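Enquirer: Provide a 3D model corresponding to the input given below.
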Amino acid sequence: MTQIEETLAHLTRTVEDLSDVVARQEREIETLTRRVQMLLEREAERQSEGGGGVVIGDERPPHW
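Expert: Residues are numbered from 1 along each chain as shown. Reported below is the predicted structural model:
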């Protein structure tokens, strides 16, 4: 019986630890998602203003 109680306590602790990790990762993902969205919006504004400046793939800069 003691063995089962110890195993249960260990598993309970593991589940709690994993829950904390998942909660932290969720917050980090939300933060990173917001930052990526801000960067995408900023880049879209730059391109709409005609200041592109970023070469994508085989696209050549205007001076070529």
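Enquirer: how far away is the most centrally placed residue in the chain from Met38?
Expert: Central residue of the chain (Cα atoms, centre = their mean): Ile29, 3.6 Å from the mean position. Ile29 is 15 Å from Met38, where distance means Cβ to Cβ, to the nearest Å. Where you see a C-beta, it was placed from the backbone N, CA and C, and this is true even at glycine.
Enquirer: related to what we said a few turns ago, how near is the residue nearest to the centre of the chain to Val15?
Expert: Taken as Cβ to Cβ, the span from Ile29 to Val15 is 21 Å.
Enquirer: same question for Met38.
Expert: Counting by Cβ to Cβ, the gap from Met38 to Val15 is 35 Å.
Enquirer: next one: Val22
Expert: For Val22, the distance to Val15 - Cβ to Cβ - is 10 Å.
Enquirer: what does Glu6 give?
Expert: 15 Å.
Enquirer: and the helices in this protein?
Expert: For the chain, the helices defined by DSSP state H occupy 2-48.
Enquirer: so, low pLDDT: which residues of it?
Expert: 51-62, 64 (pLDDT under 70).
Enquirer: repeat that with 80
Expert: The model of the chain has pLDDT under 80 over residues 51-64.
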